[in-house]
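# starting from these lines, generate the structure:
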Amino acid sequence: MNRKPLIELLRTFAERPAINTTSASYTYAHLADEVERQLQRLSDAGVAPGATVFLQGDYSFGGIALFLAMYQNDNIIAMNTSDNAQEIDSKRATANASFFAETGGCKIEPSPAQEDVSAPLVSALREQRHAGLILFSSGTTGKPKAMLHDLDRLIDGYLGRRSRPLSMLLFLLFDHIGGINTLLNILSIGGGATLVDEKTPARVAALIERFKVSVLPTSPTFLNLLLLADVADQNALTSLRMITYGTEPMPESLLQSLREVLPRVKLLQTFGTSETGIVSTTSISSNSLFMKFNDASTEYKVVDGELWLRSTRQILGYLNHPSDSFTDDGWFRTGDLVEQGEDGSVRIRGRRKEVINVGGEKVFPAEVESVLLKHPWVRDCRAYGQANGITGQFVAADVVLDAQCGQQVDAALREIRAFARSNMDSYKAPVRLNAVGAIAYSARFKKLLGSPNRQSSTEL
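Next up is the predicted model:
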């Protein structure tokens, strides 16, 4: 079996630090040896080249090596980090996986007997002797879509890059395109990866300090949690040199707060989709939400305010869904609405499906949240639309109040509502404000509708 380029590359980095966990650290030589061991495990378990394997769990040293071994073995790898049993069963069936493996243990076993029928896209990959990657959408708006990547083609796009080896935190999930992007970036340049055992602000800050992490890829939601925990004010992020953020729009006031607390850290906005991969971007500055795409593998255009992408690394197709998000000539409609700058830059305004329509006027949740977060009594917030018989929708928002408000919740909400009305167009200002104990967010640290522990509510 000829070694694939990325597997060959691991040996060349030899004694460089590769993977840090809370209990051990491993070099690239250790990783290369573990890939060989996992290849033997696959063989012993009867996992033939081209077989579809459902890989369950988040990052671990052995799990990363197993992923790389399956890539070397030309397997079709279906990824999942959720521990919901019903979700696991549904995704396994959709992927038509022949084997089940775990990242955190020694399990590699055949899946229950099922009809041996492969999707045409999977069969085509096997004929080319290429590995495949199946990623699932979050499923928040329906059944998760199963997206099939040519893993060989995806990985080849990372090879040959020149960069000094960076130390990065593997914060984004293993089954998320952003997490895969971070891992492949690290491995292709011989950088170091630190695994996160507990995704709390205090724990993440401690790991950054302990392993001298210089790059943190994460989401605006988690960055706000870092600010709320005051970990940066405690000089706990001294090694950090760059934060890359994406997955959801960044409120402008949150960006400015981050700049004030972390003045030495470069803030880089990233963009990508599970369908097209992560696009190489450059932020105009750490103070700006405008960015430029500088990726030779990806084209973009803006159609009726919506960002469209076409990439050499995009998916082969969906296994369980029509490809109606793609045009006949290969453009992917991202669903993200953008503002264009005169210099060719773009700013993500928000998802088309999340835009609040107030009497025909568009309101983006992020711009409402940006204003609310400027008020000293607002620790966190989530803006969204609610139905209205006259205007179609009105703006509502859940807010987490600062402890200084005490028991004066209703008075605080009235003050915040007045502040919002004086700092934005009246149709954008929240008609209803709800005091909540916390803002709900997903395992991918994206805000969700429906916040727990509602305390009080006020409206015009």
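# only C-alpha atoms from now on, for both contacts and neighbour counts.
OK.
# run through who's touching stretch 163-180.
57-59, 79-81, 135-136, 182-183, 186, 189-196, 199, 208, 212-218, 272-274, 277-278, 444 (CA atoms under 8 Å, 6 or more residues apart in numbering).
# count of neighbours near residue 225?
By the criterion of other CA atoms under 10 Å, residue 225 has 17 neighbours.
# which SS class is it?
At residue 225 the chain is in helix, as set by DSSP: H, G, I helix; E, B strand; the rest coil.
# do a quick rundown of the helices in the stretch 151-300 of the chain.
151-156, 177-189, 201-210, 220-228, 252-261 (DSSP state H, counting those that start in this stretch).
# quick one, which of these is packed in tightest?
Across those, averaging neighbours per residue (mean count of other CA atoms under 10 Å) puts helix 177-189 on top, at a mean of 22.
# could I get the CA-only coordinates of it as PDB?
Extracted C-alpha coordinates of helix 177-189, given in PDB (Å, rounded to 0.1, in the frame of the first residue of the first chain):
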ATOM      1  CA  ILE A 177     -15.800  21.400   9.000                       C
ATOM      2  CA  GLY A 178     -14.000  24.000  11.200                       C
ATOM      3  CA  GLY A 179     -12.600  21.400  13.500                       C
ATOM      4  CA  ILE A 180     -11.400  19.300  10.500                       C
ATOM      5  CA  ASN A 181      -9.900  22.400   9.000                       C
ATOM      6  CA  THR A 182      -7.900  23.200  12.200                       C
ATOM      7  CA  LEU A 183      -6.600  19.600  12.500                       C
ATOM      8  CA  LEU A 184      -5.500  19.500   8.800                       C
ATOM      9  CA  ASN A 185      -3.900  22.900   9.100                       C
ATOM     10  CA  ILE A 186      -1.900  21.800  12.100                       C
ATOM     11  CA  LEU A 187      -0.800  18.500  10.600                       C
ATOM     12  CA  SER A 188       0.200  20.000   7.200                       C
ATOM     13  CA  ILE A 189       2.600  22.500   8.800                       C
END
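# now that helix: mean pLDDT?
Helix 177-189 comes out with an average pLDDT of 96.
# for residue 97, helix, strand, or coil?
coil.
# and the contacts of stretch 163-180, which are buried?
57-59, 79-81, 135-136, 182-183, 186, 189-196, 208, 212-218, 272-274, 277-278, 444 (16 or more other CA atoms under 10 Å).
# so which of these belong to strands?
79-80, 135-136, 192-195, 215-218, 272-273, 277-278 (DSSP state E).
# still on that earlier bit, closest one to residue 106 among the helices of the stretch 151-300 of the chain?
When the helices of the stretch 151-300 of the chain are compared by CA to CA, helix 177-189 sits nearest residue 106, at 21.7 Å.
# can you list the domains in the protein?
Domain assignment for the chain, taken from automatic domain parsing, gives 5-156, 355-459.
# could you dump those domains into a markdown table with mean pLDDT and distance to residue 305 added?
Output for the domains of the chain, formatted as a markdown table (pLDDT from 0 to 100; distance: least, CA to CA, whole Å):
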| stretch | mean pLDDT | distance to residue 305 |
| --- | --- | --- |
| domain 5-156 | 93 | 22 |
| domain 355-459 | 89 | 12 |
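# of all these, which one is nearest residue 288?
Using CA to CA as the measure, domain 355-459 is the one of these that comes nearest residue 288, at 13.7 Å.
# okay, residue 108 and residue 73: tell me how far apart.
Using CA to CA, to the nearest Å, we find residue 108 at a distance of 14 Å from residue 73.
# wait, I meant residue 62
Going from residue 62 to residue 73 by CA to CA gives 16 Å.
# what about the two, which has more around it?
The neighbour comparison of residue 62 against residue 73 (other CA under 10 Å) goes to residue 73, with 24 against 19.
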